[in-house]
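Colleague: kindly generate the corresponding structure for this input.
(4 chains)
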2 protein chains.
Amino acid sequence: MPTIYQVAERAGVSLSTVSRVLNGKASVNKVLKERVEKAVKELNYRPNSVARSLANNRTDSVGVLVPELNAPFFGDLMQAVESTLRAADKHVIISVGRNCLETEKDAVEFLISRNCDALIMHAEALPDEYLLELNQSKLPVALVNRRVEGLAEACTSLDNEKGGYLATRHLLELGHKDIAYISGPAGKSDAMLRLEGHKRALSEAGLPINPQLIFNGDYSEDDGKIGLLELMARDVPFTALVCANDWMASGAISCARDLGMSLPQDLSIVGFDDVVFAHHVFPRLTTVSNPIAEMAEMSAKYILNKVYGQANNVQLYFEPSLVVRESTVKHEG
Amino acid sequence: MPTIYQVAERAGVSLSTVSRVLNGKASVNKVLKERVEKAVKELNYRPNSVARSLANNRTDSVGVLVPELNAPFFGDLMQAVESTLRAADKHVIISVGRNCLETEKDAVEFLISRNCDALIMHAEALPDEYLLELNQSKLPVALVNRRVEGLAEACTSLDNEKGGYLATRHLLELGHKDIAYISGPAGKSDAMLRLEGHKRALSEAGLPINPQLIFNGDYSEDDGKIGLLELMARDVPFTALVCANDWMASGAISCARDLGMSLPQDLSIVGFDDVVFAHHVFPRLTTVSNPIAEMAEMSAKYILNKVYGQANNVQLYFEPSLVVRESTVKHEG
DNA sequence: AATCAATTAGAAAGCGCTTTCTTATTTTTG
DNA sequence: CAAAAATAAGAAAGCGCTTTCTAATTGATT
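Modeller: From the prediction side, this is the model:
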C-alpha cells in the first residue's frame, strides 16, 4: 500500500501539497496538481481512512441501531439508510438492540467506541432522557419512527394515530360494527397511538368502545394467534379484526384458518406496516402502509446535513395510507 | 474524551505502562497496574479505536457483502455474522452488492478503503478469480454459501444437489410422476446443482427428464409466476412443481390461486431455503431448509480464527433437509 | 523602482495510540 | 559478593494523514 509520502516523492512535491490536491480545499498550482494526480494514478494510491480519521477526528461512519437484522421492516430501514449514506461515501456500522434495554445500551456503547460521527436509531427500549443526553453530550442522533421531546428536528415519525384510524374506518365503511383490535405493547407509543386512532374511528361512527374487544399483544406473530383465540373465548362476537402490525395479522390469519374459518368471509382482518410479506399471506393482507424506507432515508439525510454539511430537504412527518387487498370484505347483514 | 496521556499522568506512570496494562500483553508491576486501573475508571477512559487502528494496522472490523438488506435470507445471514463477530468485539461494516458485478466490485472497494481486516461475502456476480486474487493480495476472505476452487477452507457451502434431490424425491414418494421444475439462473452454481439433484431423483425413479417441464427462472417472485404460466402453456401435464427457492414458490402459489386452482390438491409445490415467510404463505410451504444462519456463523468463526487468532471449530459443509408442510399432498391416481 | 499584500509551497507539529529500544532495578548464579 | 541474567518502566519513534505556521515567490500599488 503506497502512502502519501510515496506519492509526494514521485510527484516531486511535499506531502502537504499532495494532501491539498487530494482534499481540494486549498488552491494548488495547476502543474503540480497534475503531477500529483498522475502519481496517484500510477501508484494506485488510496488514502488510508484510519489515518485520515485520526488526523481530522472524524470517521465518516455512522452507527445504525436496529432491533433485529432479519425482519423485513428493519431490512427496509437499513436498505434506505445504507444506500443514502453510501452515496455520500459514508459507511454504516450496524448494531443490534434486540428490543432490550441492556442490549441497546451496549450496542450504543459499541458504536460510540467505534467513533461513529453520528447515530441513526430505531430505539425501542432506550428512554427519551438517554437519547437526549447522547445527543447533547457529543454525537448527533437521528431517531427513526419515534418522537422525542426536545429532539424534534432529529425525529422522523409516522402519524400512527391516523393509521389506526384509517384501518378501522375502512372496516366501518365496509359495514362492520363489531371490530376487535389486537394492539401492540402498552409501553410503545406507536402502539398506543394506533389504538387511539382505532378508538377515534369508532367514536366518530357513534359506536361504543368495548374493552372486551381489545387484546394487548406484543407485536409478535404468536400474539396474533393468542390474541385471536383469547378474543374469541371472550364470547363477544366480532366480524372484523384490526391488528397493530402485520406479524400479528399473519398470526391471526393462520390461526383463523386452523380454526376452520374461511377468510375473509368469516372475518375481515387489517394489518399495519405493509411489510414485504403482506402480499404473501392468504388472503392477501389489507394493511396500512408505513413508509419506513422514506423515513429512514430522511433520517440519513438529516445526518448528512447536520454532520457532513449537506443541504438536503428533510421531511419529518409522514402520513400512512390504506392498502386494500383481499383480507377485508363487506359485512353482509 | 480523556486520552492515554491523562491516564498516565493521573496514575503517575508513563503512557507505555498504561498501554501495557490496557493490552495485558507485557507484565506490569501490580501496584502500578492498580493505579492505572483506578485512573482509567476515574476518568472513564475509553481507548480511541482509530488511533489504536493506526498504530497496529488493524481495525477490528470486518466487511460484509450481501446482495440485499431487506430479504429474509440475507437477514438471517447478517444476524448470525453480526452476533458472532460482536461477541468477539469486532464490528461489522455492511455493504450491498445488488446482484450486480459493478456494484459488488464497488462495494468491495468501499470495504477495502475502510481498512477492514477481512471480508465475509455472499458474492453473486464476482468471478472466482477476483475472489482468489482478493484473498491472496491482502485481505482474508470468507465465502458464505459458495465454493471456490483454491479457497476451499474459506468457503461454507450447502449440498445443493442433495437439496434438489430431496425435494423431488419427496414428491415422488407422494406418488407424483409428472413433476415440473422452475430453476434458478443458469449462471449460478447453486441453481444448477439443485436442478442436478432434481434430475437425479427422476432418473433414480426411472422417469424421463422432460425439458418441457423445466423453466429457467431468476429466483424472483415474478419468475415463479411467469414460470408457472409458461409451463402450463406448454401443455405437458404435471401434478407437482419444484421451485428452486421460496420466492418463486410463493409467486407460483399466488399465481395458481389467481388461476382458480385449489392448492395443494390441484398442484403440489415445494420450495427451497425455508425463509421466514415460508409458513406465511398458504398453503404453508413444504420446502428444503437451508441452514444459512449456521453457514454464516461458521464463516464468521473462520475469520475469527484466521485473523484474530481464535480457535473455533468450523464446519464447512452443510446438509439440507426437507421441511414438510402443507403445500404438498399425495397424488391420487 | 520600492514597498506591501496576496498566493502558494514546504516544514513541522500533532491526532492517540503501540512497540521497539534503552536504561534502571531486581534476581540469579558461580 | 561480584558479575551475569532477567525483569520492568520510561523514552521515543512511528503509524499515515491534516493543518498550522513560516517562507518564498508573484503581483499590485504608489
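Colleague: give me the secondary structure label for the residue nearest to the spatial centre of chain A.
Modeller: Of all residues in chain A, the one closest to the mean position by C-alpha atoms, centre = their mean is residue A:77, 4.4 Å from it. Recorded secondary structure, residue A:77: helix (DSSP: H, G, I helix; E, B strand; the rest coil).
Colleague: element containing the nearest residue to it once chain neighbours are set aside, please.
Modeller: Counting by C-beta to C-beta, 6 or more residues apart in numbering or on different chains, residue A:296 is the residue found nearest to residue A:77 once chain neighbours are left out, at 4.3 Å. (C-beta placed from N, C-alpha, C; glycine too.) For residue A:296, the element it lies in under DSSP states H and E is helix A:292-308.
Colleague: if you count contacts, what does that helix end up packed against?
Modeller: The contact analysis (3 or more C-beta pairs under 8 Å, 6 or more residues apart in numbering or on different chains; DSSP states H and E) places helix A:292-308 against strand A:61-66, helix A:72-87, strand A:118-121, strand A:141-144, strand A:155-158.
Colleague: try 6 Å
Modeller: helix A:72-87, strand A:118-121, strand A:141-144, strand A:155-158 (3 or more C-beta pairs under 6 Å, 6 or more residues apart in numbering or on different chains; DSSP states H and E).
Colleague: possible to save these as TSV with mean pLDDT and distance to residue A:259?
Modeller: Formatted as TSV, the helices and strands packed on helix A:292-308 follow (pLDDT from 0 to 100; distance: least, C-beta to C-beta, whole Å):
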stretch	mean pLDDT	distance to residue A:259
helix A:72-87	95	26
strand A:118-121	97	39
strand A:141-144	97	37
strand A:155-158	97	32
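Colleague: okay if I get those as JSON lines plus distance to residue A:172?
Modeller: Below are the helices and strands packed on helix A:292-308 laid out as JSON lines (distance: least, C-beta to C-beta, whole Å):
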{"stretch": "helix A:72-87", "distance to residue A:172": "27"}
{"stretch": "strand A:118-121", "distance to residue A:172": "36"}
{"stretch": "strand A:141-144", "distance to residue A:172": "31"}
{"stretch": "strand A:155-158", "distance to residue A:172": "22"}
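Colleague: residue A:213 is nearest to which of these?
Modeller: Nearest to residue A:213, of all these, is strand A:155-158, at 24.5 Å by C-beta to C-beta.
Colleague: got the buried residues for the very next helix or strand once past the closest one?
Modeller: Note on strand A:155-158: by DSSP H and E, the next helix or strand toward the C-terminus is helix A:160-173. Applying a neighbour-count criterion of 16 or more other C-beta atoms under 10 Å in any protein chain shown, one finds A:160-172 buried in helix A:160-173.
Colleague: now tabulate those in CSV and tack on distance to chain B and pLDDT.
Modeller: As requested, these are exported to CSV (distance: C-beta to the nearest C-beta, whole Å; pLDDT from 0 to 100):
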residue, distance to chain B, pLDDT
A:160, 22, 97
A:161, 27, 97
A:162, 25, 98
A:163, 21, 98
A:164, 23, 98
A:165, 27, 98
A:166, 23, 98
A:167, 20, 98
A:168, 24, 98
A:169, 26, 98
A:170, 22, 98
A:171, 22, 98
A:172, 27, 98
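Colleague: closest one of the residues you listed to DNA strand D?
Modeller: When those are ranked by distance to DNA strand D (C-beta to the nearest atom of the strand), residue A:160 comes first, at 42.6 Å.
Colleague: give me every residue in chain A lying close to chain B.
Modeller: Counting by C-beta under 6 Å from any C-beta of the partner chain, chain A comes close to chain B at A:46, A:49-51, A:53-54, A:69-70, A:75-76, A:78-79, A:82, A:91, A:93-94, A:96, A:113-115, A:250, A:277, A:280-282.
Colleague: out of these, which sit inside helices?
Modeller: Using DSSP state H, the members of these that fall in helices are A:49-51, A:53-54, A:75-76, A:78-79, A:82, A:113, A:250.
Colleague: ok, back up a step: burial measure for the residue nearest to residue A:77, as a count.
Modeller: Residue A:296: 28 surrounding residues under other C-beta atoms under 10 Å in any protein chain shown.
Colleague: quick one, what contacts it?
Modeller: Contacts for residue A:296 (C-beta atoms under 6 Å, 6 or more residues apart in numbering or on different chains) come out as A:77, A:80-81, A:144.
Colleague: one more pass at 10 Å, please.
Modeller: Residue A:296 makes contact with A:64, A:66, A:74, A:76-84, A:120, A:122, A:142, A:144-145, A:156 under the criterion C-beta atoms under 10 Å, 6 or more residues apart in numbering or on different chains.
Colleague: of those, list those near DNA strand D.
Modeller: When contact is defined as C-beta under 7 Å from any atom of the strand, those do not meet DNA strand D at all.
Colleague: just the buried ones from those residues, in ChimeraX syntax?
Modeller: Buried members of those, defined by 16+ other C-beta under 10 Å, are picked up in ChimeraX with:
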select /A:64,66,74,76,77,78,79,80,81,82,83,84,120,122,142,144,145,156
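Colleague: tilt between the helix holding residue A:296 and strand A:61-66?
Modeller: Interaxial angle, helix A:292-308 versus strand A:61-66 (axes from the mean of the first three to the mean of the last three C-alpha atoms, to 10 degrees): 150 degrees.
Colleague: what mean pLDDT does helix A:292-308 get?
Modeller: The average of the pLDDT scores along helix A:292-308 is 96.
Colleague: now, among the ones in helices among the residues of chain A next to chain B, which is nearest to chain B?
Modeller: Nearest to chain B among those: residue A:75, at 3.1 Å, using C-beta to the nearest C-beta.
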